[in-house]
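>>> this is a predicted model, with the sequence first.
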Amino acid sequence: MRLLLVTPENRFIKAFRRGQFNNFVQLTMPYLAGFVPRRHEVALVDEYNEPLDVDAKADLVALTCNTPNAAHVYALADAFRARGRLVVLGGPHATLLPEEAKAHADAVVVGEAETSWPRLLRDAEQGTVEPFYREPEPPALDGLPFARRDLIRGRAPLQDTIIATRGCPHRCAYCNLRQIYDPKIRFRPVEDVAAEVRTFRSPFFTFWDDQLFMNRRYALRLFDAIAGAGRRWAAMVTLASTQDETLLRAASRAGCVCLFLGLESFSPESLRLANKAFNVVGSYREGVERIHRFGMTVQAGIVFGFDGDGEDVFERTLREAAAAGLDGATVSILTPFPKTPVWEQLRAQGRLLTEDWSYYNGKTAVAFRPARMSPERLWDGYQWFRRRFFSPSCILERVRRSGVRPLQSAFLNWGYHRALGNRIPGRPIPRRSLVLGSSGPAGTGR
């Protein structure tokens with residue numbers, strides 16, 4: 001068979017990300033390519049940096065689908081099916097709303113794919129596929145193939161990403177991980193991860209794990225195993241886990257240069273409503289300083305639009321983020337992803353503004369009516385924060401205050417500054433509010 005694997009990118013996010021310097025390759029499709037027997041021909045297209053030809057010759061086309069890309073993916077899937085291709089959809093959105101996805105595909109892979117994807121390939125080779133493929137149990141992560149990085153084009157030096165663990169025990173109200181993955185933490189064998197890291201061509205990579213420090217014993221073994229690989233890397237962890245200085249020291253010695261902390265908010269009330277009260281605002285500055293002592297920078301996740309956020313949240317967050325010593329930030333608008341507690345709440349309250357999934361991207365649009373401000377005020381405040389936080393004066397002040405890896409921080413921040421001028425197509429707020437009904441897929445009112 002000839003397989004075409006597609007990493008889609010809709011025009012809104014593609015325009016938003018243009019000019020940034022930390023746009024790492026998404027791992028899903030190169031990883032799934034590693035499961036494909038060598039008797040098949042495999043091509044990979046990443047729409048972030050290359051065009052997709054819907055007339056490309058292929059027996060099977062597989063697309064991964066997250067919520068922001070759903071409308072775009074469905075259009076591509078329909079175009080491929082109209083040309084007689086066998087189309088398979090998977091990924092977060094297809095897992096959350098499989099019946100919706102099935103209307104545009106011959107088969108849908110629901111959830112994790114380590115056993116169901118190879119089974120689908122065998123069925124396709126025999127000329128018959130089932131409508132849905134699901135894992136009977138959460139798959140073990142031992143003996144996994146390495147991602148097919150040889151299929152990636154034009155993404156050096158940001159082509160190397162990897163997972164060591166999967167699963168997250170937390171229950172953050174806005175997060176869809178629990179609806180996609182089994183929450184139990186699972187681990188790849190340390191020797192497998194270390195062996196794959198040593199195949200990387202880039203000197204820098206990132207762990208896509210949801211919380212790399214979750215299991216202390218495993219993390220220490222992992223860091224010891226990759227310490228001699230000569231690579232620099234970044235990872236996502238919780239603020240609470242960074243209280244362990246032994247972990248921080250071991251991570252630094254193993255090459256860690258940046259930790260992403262999902263701080264989300266500087267408001268205890270907003271964190272409580274988001275079911276993330278394990279983030280203690282009063283410990284932010286101390287935690288950042290502790291990470292800095294081990295030579296690692298801090299990239300924080302900041303989200304606006306929680307029900308505890310009033311109109312003063314933007315100025316207050318700017319002031320407190322600078323005081324906390326953050327090196328950088330990934331700034332987002334709260335997004336009610338399908339099936340999450342936030343989505344269920346806003347849907348029940350009639351506060352969702354649209355059923356167009358392209359508005360659910362957290363970067364270029366507001367998809368709901370906030371509790372304590374208008375959608376327009378949320379959008380304007382989010383934009384105001386980004387302009388101030390990534391202004392040259394604020395960048396220089398934060399780099400000076402941190403003193404950790406100043407060239408790295410300045411470079412990444414300048415990428416965000418460059419992106420401020422990107423022209424984003426479409427409207428940030430739907431033209432008219434649409435209160436969703438209870439009929440149709442996931443209550444979309446269709």
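That came through, no problem. The structure displayed is predicted, hence computed values, not measured ones. Numbers count the residues shown, from 1 in each chain.
>>> from here on, just use CA atoms for contacts and neighbour counts.
Fine.
>>> per-domain residue ranges of this protein.
Under the assignment automatic domain parsing, the domains of the chain span 2-134, 154-419.
>>> can I get those in JSON lines with distance to residue 140 and mean neighbour count?
As requested, these are exported to JSON lines (distance: least, Cα to Cα, whole Å; neighbours: other Cα atoms under 10 Å):
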{"stretch": "domain 2-134", "distance to residue 140": "8", "mean neighbour count": "19"}
{"stretch": "domain 154-419", "distance to residue 140": "7", "mean neighbour count": "19"}
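>>> out of these, which is closest to residue 143?
Nearest of the domains of the chain to residue 143, taken as Cα to Cα: domain 154-419 at 7.5 Å.
>>> that closest one: end-to-end distance?
Distance between the two ends of domain 154-419: 20 Å, counting by Cα to Cα, to the nearest Å.
>>> again with stretch 289-298
End to end - Cα to Cα - stretch 289-298 spans 9 Å.
>>> for that stretch, what is the average pLDDT?
For stretch 289-298, mean pLDDT rounds to 98.
>>> quick revisit: now distance to residue 147 too, for the domains of the chain, in CSV please.
Shown next, in CSV, are the domains of the chain (distance: least, Cα to Cα, whole Å):
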stretch, distance to residue 147
domain 2-134, 4
domain 154-419, 8
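>>> who touches the lowest-mean-pLDDT helix or strand in the chain?
Between all helices and strands in the chain, the lowest mean by mean pLDDT, DSSP states H and E belongs to helix 177-180, at a mean of 89. Contacts to helix 177-180, defined as Cα atoms under 8 Å, 6 or more residues apart in numbering, come from residues 92, 95-96, 111-112, 167-168, 171, 183, 339-340.
>>> contact partners of the very next helix or strand once past that helix?
Next along the chain after helix 177-180, taking DSSP states H and E as the criterion, comes strand 186-187. The contact list for strand 186-187 (Cα under 8 Å, 6+ apart) reads 140-142, 164-167.
>>> distance between whatever helix or strand comes next after strand 186-187 and the chain's centre?
Next helix or strand after strand 186-187 toward the C-terminus (DSSP H and E): helix 190-197. Taking Cα atoms, centre = their mean, to the nearest Å, one finds helix 190-197 lying 23 Å from the centre of the chain it belongs to.
>>> for helix 190-197, name the packing helices and strands.
helix 216-226 (3 or more Cα pairs under 8 Å, 6 or more residues apart in numbering; DSSP states H and E).
>>> quick one: distance of the helix it packs on to the chain centre.
24 Å.
>>> can I get it as CSV, trimmed to CA atoms?
Output of helix 216-226 as CSV, limited to C-alpha atoms (Å, rounded to 0.1, in the frame of the first residue of the first chain):
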residue,chain,number,x,y,z
ARG,A,216,10.6,10.8,40.9
ARG,A,217,12.4,7.4,40.7
TYR,A,218,11.7,7.0,37.0
ALA,A,219,12.8,10.6,36.2
LEU,A,220,16.1,10.2,38.0
ARG,A,221,16.9,7.0,36.1
LEU,A,222,16.0,8.7,32.9
PHE,A,223,18.1,11.7,33.5
ASP,A,224,21.1,9.5,34.4
ALA,A,225,20.6,7.6,31.2
ILE,A,226,20.5,10.6,28.8
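>>> which residues touch the helix or strand just after that helix?
Where DSSP H and E defines the elements, the next helix or strand beyond helix 216-226 is strand 232-237. Contact with strand 232-237 is made by 203-214, 254-262, as judged by Cα under 8 Å, 6+ apart.
>>> any chance of CSV for the contacts of strand 186-187, columns distance to residue 1 and pLDDT?
Shown next, in CSV, are the contacts of strand 186-187 (distance: Cα to Cα, whole Å; pLDDT from 0 to 100):
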residue, distance to residue 1, pLDDT
140, 28, 92
141, 27, 95
142, 27, 95
164, 31, 98
165, 32, 97
166, 31, 95
167, 33, 90
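>>> what's the farthest-apart pair in these?
Most distant of these, by Cα to Cα, are 142 and 167, 14.9 Å apart.
>>> list the contacts for residue 96?
179-180, 338-339.
>>> which stretches in the stretch 301-446 of the chain count as strands?
328-333 (DSSP state E, counting those that start in this stretch).
>>> tell me where it has helices.
313-323, 341-348, 375-389, 392-402, 406-419 (DSSP state H, counting those that start in this stretch).
>>> quick one, which of those helices gets closest to residue 26.
helix 406-419 (18.6 Å).
>>> any idea of the angle the closest one forms with helix 375-389?
140 degrees (axes from the mean of the first three to the mean of the last three Cα atoms, to 10 degrees).
>>> could you check how far helix 406-419 is from the centre of its chain?
On Cα atoms, centre = their mean, the centre of helix 406-419 falls 20 Å from that of its chain.
>>> does residue 223 touch residue 250 like I think?
Yes. Using Cα atoms under 8 Å, residue 223 is in contact with residue 250, at 6.2 Å.
>>> residue contacts, residue 334?
Here residue 334 is in contact with 174, 303-306, 362 (Cα under 8 Å, 6+ apart).
>>> any idea how far it lies from residue 275?
Taken as Cα to Cα, the span from residue 334 to residue 275 is 14 Å.
>>> okay, the residue of the chain positioned farthest from its centre and residue 1: tell me how far apart.
Here the chain reaches farthest from its C-alpha mean at residue 126, the gap being 34.7 Å by Cα atoms, centre = their mean. Taking Cα to Cα as the measure, residue 126 falls 10 Å from residue 1.
>>> same deal with residue 294?
50 Å.
>>> so, low pLDDT: which residues of this protein?
Counting by pLDDT under 70, the chain shows low-confidence ranges at 432-446.
>>> switch to 90 and redo it
19, 21-25, 135-136, 153-159, 169, 178-179, 181-184, 355, 431-446 (pLDDT under 90).
>>> residue contacts, residue 29?
5-7, 44, 64.
>>> what helix or strand is it on?
helix 28-33.
>>> what does residue 260 give?
Counting by DSSP H and E, residue 260 is part of strand 256-264.
>>> how far off centre is the very next helix or strand once past that strand?
In the C-terminal direction, the helix or strand that comes right after strand 256-264 (DSSP H and E) is helix 268-273. Centroid separation between helix 268-273 and its chain, computed with Cα atoms, centre = their mean, is 22 Å.
>>> ok, stretch 105-120 next?
For stretch 105-120, the distance to the chain centre is 20 Å (Cα atoms, centre = their mean).
>>> got the CA coordinates for that stretch in CSV?
Coordinates of each C-alpha in stretch 105-120 appear next as CSV, following Å, rounded to 0.1, in the frame of the first residue of the first chain:
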residue,chain,number,x,y,z
ALA,A,105,-13.9,9.1,7.2
ASP,A,106,-13.9,5.4,6.4
ALA,A,107,-12.4,4.6,9.8
VAL,A,108,-11.8,6.4,13.0
VAL,A,109,-9.0,5.5,15.5
VAL,A,110,-10.4,6.3,18.9
GLY,A,111,-7.9,7.0,21.7
GLU,A,112,-4.4,5.6,21.9
ALA,A,113,-3.3,3.8,18.7
GLU,A,114,-0.3,1.4,19.6
THR,A,115,-2.3,-1.7,18.9
SER,A,116,-5.4,-0.4,16.9
TRP,A,117,-3.3,1.3,14.2
PRO,A,118,-1.3,-1.8,13.2
ARG,A,119,-4.6,-3.8,13.2
LEU,A,120,-6.2,-1.2,11.0
